[in-house]
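Just need the structure, nothing else, for what follows:
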Amino acid sequence: MEDDPDYDIFRDEDEDPDAQLHTENDSNKEYVVYLVDASPKMFTTTCLSENQDPETHFQIALSCISLSLKAQIINKSYDQVSICFFNTREKKNLQDLNGVYAFHLPEGDYLDRPTARLIKEFDNLQDSFSKNIGSHHGVLPGSRENPLYNAIWVAQALLRKGSAKTVNKRILLFTNEDDPFGCLKGAIKSDMTRTTLQRAKDAQDLGITIELLPLSSPDEMFDLSKFYVDLIGLEGDDLVSFMALAGNRLEDMKDQLRKRMFTKRRVKKFKFTIVDGLSIELNSYALIRPTVPGSITWLDSITNRPLKSERTFICADTGALVEESTRRFHPYKNQNIVFSVKELSEIKRVATGHLHLLGFKPLSCLRDYYNMKPSTFLYPSDEGTDGSMCTFIALHKSMIQLNRFAVAFSGSSSRPQLVALIAQDEVIQSGGQIEPPGMHMIYLPYSDDIRLVEERYSDTSGVPKASADQIKKATDLIKRLDLKDFSVFQFTNPALQRHYAVLEALALEEDEIPEIKDETLPDEEGLARPGVVRVLEEFKTSIYGENYDEESEQGTGKPTEASKKRKAHSEFAKKECESYDWGELADSGKLKDLTMVELKYYLTGHNLPVSGKKEAIVSRILTHMGK
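Predicted coordinates:
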């Protein structure tokens with residue numbers, strides 16, 4: 001079974017700990033090699049930054065990579081990266097090729113997971129680059145050296161780990177030289193161009209994607225047609241829009257938020273049994289997930305590698321190591337029934353984790369409140385048995401035509417449950433696919449998960465009713481403050497942003513924590529617009545009248561409606577408290593038989609905290625009574 005490490009979000013707290021998911025599955029990894037041009041032109045060409053300070057193209061490239069590495073630790077910490085410079089004076093690579101310098105930590109590999117130390121060393125690289133590595137014109141007239149060819153070769157060798165079918169491999173190329181062989185002429189230029197393009201094609205044939213991030217000069221645009229259009233294989237509309245998209249991508253890399261990005265990858269692979277002897281191999285994909293801080297991982301203080309915990313049994317008498325027993329027992333009728341660990345595991349196993357079809361029901365039987373946690377999307381696997389796709393299509397088409405959903409048995413070894421499979425038809429607009437065909441798997445609740453809504457009756461005779469004019473003014477206010485084209489992606493979670501900023505500052509040993517902008521705070525500039533101010537004043541006037549002064553009202557100390565309700569509730573609780581013989585209830589042990597509301601009468605009447613569970617409240621009452 002192949003799983004996404006982030007699938008833990010969908011697991012319940014009481015699920016079997018033995019069924020923990022693999023966190024370093026190769027099918028979930030991405031390998032990236034950053035190739036940075038270190039020719040003198042990268043150091044002499046400057047642009048203005050956001051602070052209007054001159055910034056070289058080399059500084060821009062290093063800044064983008066540094067921010068990308070920081071975001072990658074949060075997003076996909078198990079991915080691996082490598083940083084290589086070409087057109088350098090010094091050389092450092094496994095192939096010992098000239099003009100290529102592969103940057104890595106002394107104790108690390110050339111292609112390794114991003115760490116805090118790697119980022120710190122990389123951030124300090126800019127000051128020592130000219131001294132330790134140096135810049136060099138790699139391609140010169142009369143020279144047969146080709147650093148770009150060597151760089152692609154080195155990157156291809158670094159990405160040899162893992163299969164292209166299970167690992168996403170990319171090369172990101174930063175350069176401001178649109179014609180790397182512009183100083184050459186004749187057969188030498190043609191030969192170098194041909195061999196470099198062939199080297200790039202060989203890498204692409206191995207499943208490696210080459211992505212260009214061109215850096216244009218303020219007075220001269222990067223011309224793709226001179227060389228790189230053939231290297232990355234652009235044509236038609238893609239060629240027209242490439243420069244604009246590349247510029248946006250550079251800006252995105254420089255302005256990345258600290259957020260976890262869940263890529264479109266398979267969550268889980270399992271078998272869907274329709275009848276005995278007929279099954280379909282399915283892949284599941286998560287459509288939406290809550291973003292939470294990552295789980296705690298213990299790391300080695302020197303290497304920053306994750307620690308692996310091991311359990312050892314020690315004899316209390318001799319201190320010798322004791323091997324863990326492979327047998328367990330359970331007393332039953334004066335006998336010890338012995339089980340092996342394997343037998344005990346099989347006894348506890350309720351479900352296999354696969355889907356088993358139980359039947360079909362009309363869609364009208366499915367209620368909205370049945371969807372209690374994020375659903376997953378199902379699609380047949382290419383690796384399934386023969387006929388899986390045809391069987392799935394036939395089942396999918398029949399469910400849509402008959403307006404039915406399937407009920408299936410699923411779940412882990414410790415939490416079996418029923419799920420509803422709802423077929424979704426394909427939606428195409430303007431020649432593009434808006435929604436793919438497939439099935440949504442909704443986890444159906446248990447009977448205990450659905451509870452009747454408790455209606456709260458209260459005397460509303462003294463509560464004032466809003467007039468028609470007040471309702472109209474409130475409606476106008478809501479319409480004026482309504483956000484146009486609202487999306488949850490427009491706002492970031494300030495608590496998570498603060499969490500990641502603190503972690504980053506601690507890991508990089510920074511003295512100051514970056515300032516986090518809270519986008520959830522009210523828009524003071526927007527609320528100060530004349531139209532908004534007008535509807536606010538009209539609403540306030542309709543509620544409080546024209547002569548209402550909020551500051552003088554607060555200064556007089558007049559009780560508010562909320563304080564009046566609290567006082568009335570306290571007086572009612574004290575009155576009810578007097579009708580109980582609390583001493584007798586405590587002595588006879590009948591306090592636990594009272595309801596929570598009745599117990600809180602005592603707490604409120606004696607000015608005690610009312611929070612906590614029933615056992616805590618009973619203990620608090622007994623303590624107050626001296627019992």
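
Domains of the chain: list them as residue ranges, please.
Following automatic domain parsing, one gets these domains for the chain: 28-254, 355-453, 468-548, 561-625.

Relative to residue 210, how far out is residue 243?
Distance from residue 243 to residue 210, counting by Cβ to Cβ, to the nearest Å: 17 Å. Where you see a C-beta, it was placed from the backbone N, CA and C, and this is true even at glycine.

If you count surrounding residues, which of these two has more?
Taking other Cβ atoms under 10 Å, residue 243 and residue 210 do not tie; residue 210 has more neighbours (21 against 15).

Quick check, pLDDT for that one.
For residue 210, the pLDDT comes out at 90.

How about it, nearest residue that isn't a chain neighbour?
residue 171 (4.8 Å; Cβ to Cβ, 6 or more residues apart in numbering).

Just the pLDDT at the one you found, thanks.
According to the prediction, residue 171 has pLDDT 92.

so it sits in a strand?
Yes. Read with DSSP: H, G, I helix; E, B strand; the rest coil, residue 171 is one of the residues of a strand.

what number of residues lie near it?
By other Cβ under 10 Å, 25 other residues sit near residue 171.

and residue 611, what is it in contact with?
Contacts here follow Cβ atoms under 8 Å, 6 or more residues apart in numbering; on that basis residue 611 touches nothing.

any idea which element it lies in?
Using DSSP states H and E, residue 611 is not contained in any helix or strand.

how close does it sit to residue 586?
With Cβ to Cβ as the criterion, residue 611 and residue 586 are 21 Å apart.

Is it possible to get a markdown table of the domains of the chain that adds distance to residue 292?
Shown next, in a markdown table, are these (distance: least, Cβ to Cβ, whole Å):
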| stretch | distance to residue 292 |
| --- | --- |
| domain 28-254 | 12 |
| domain 355-453 | 13 |
| domain 468-548 | 8 |
| domain 561-625 | 25 |
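
Just name the most buried of the ones you listed.
domain 28-254 (a mean of 17; mean count of other Cβ atoms under 10 Å).

ok, back up a step: okay, and the beta partners of the residue nearest to residue 210?
For residue 171, the beta-bridge partners are residue 33, residue 210 (DSSP bridges).

And residue 429, how far from residue 270?
Distance, residue 429 to residue 270, using Cβ to Cβ: 32 Å.

Revised request: answer the last question for residue 339.
28 Å.

And residue 40, by the same measure?
Residue 40 is 56 Å from residue 270, by Cβ to Cβ.

same deal with residue 144?
Taken as Cβ to Cβ, the span from residue 144 to residue 270 is 56 Å.

Equivalent analysis for residue 281, please.
Distance from residue 281 to residue 270, by Cβ to Cβ: 8 Å.

higher neighbour count, those two?
Counted by other Cβ under 10 Å, residue 281 and residue 270 do not tie: residue 270 has more neighbours, with 21 against 17.

which residues touch stretch 612-623?
Taking Cβ under 8 Å, 6+ apart as the rule, stretch 612-623 contacts 582, 586, 591, 592, 596, 599, 600, 602, 603, 608, 609, 610.

Go through these and flag which are in helices.
Residues of these located in helices (DSSP state H): 582, 586, 596, 599, 600, 602, 603.

Isn't the last one up against residue 594?
No. Contact status for residue 603 versus residue 594: not in contact, 11.7 Å apart, counting by Cβ atoms under 8 Å.
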